[in-house]
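Novice: Kindly generate the corresponding structure for this input.
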Amino acid sequence: MDLFTTISLAAVDAINPCAIAIQAALLSMLLTRGRKEVLIGGILFSITVIAIYTIYGLVLHKFLSLFYNSIKVFLI
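Specialist: Predicted structure coming up:
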């Protein structure tokens with residue numbers, strides 16, 4: 001499995017609420033490979049999911065901060 005496939009599956013997993021299906025697909029693809037490739041695939045998958053969730057969190061924080069700043073005038 002190449003880097004693009006692993007990152008694509010991890011990005012879909014970060015968006016998809018059904019993470020078990022994505023992880024099962026990744027595992028089924030990796031089981032035909034050697035131990036080293038399974039380890040590398042798992043690490044890349046985990047790092048990509050963490051990165052996507054971090055980006056989502058930062059975007060959500062920025063959006064909510066803008067929203068709070070725009071209604072703060074009415075709260076005071």
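
Novice: and residue 10, what element?
Specialist: Using DSSP states H and E, residue 10 sits within helix 3-15.

Novice: Now the helix or strand harbouring residue 68: average pLDDT?
Specialist: Using DSSP H and E, residue 68 falls within helix 35-75. Regarding helix 35-75, the rounded mean pLDDT is 80.

Novice: what packs against that helix?
Specialist: Using 3 or more Cβ pairs under 8 Å, 6 or more residues apart in numbering; DSSP states H and E, the elements in contact with helix 35-75 are helix 3-15, helix 19-30. Just so you know, the C-beta spots here come from the backbone N, C-alpha and C atoms, and that holds for glycine as well.

Novice: Residue 23: how many residues sit nearby?
Specialist: By the measure other Cβ atoms under 10 Å, the count of residues near residue 23 is 16.

Novice: any idea how far residue 22 is from the residue most central in space within the chain?
Specialist: For the chain, the residue nearest the mean C-alpha position is residue 49 (2.7 Å; Cα atoms, centre = their mean). Separation of residue 49 from residue 22 (Cβ to Cβ, to the nearest Å) stands at 9 Å.
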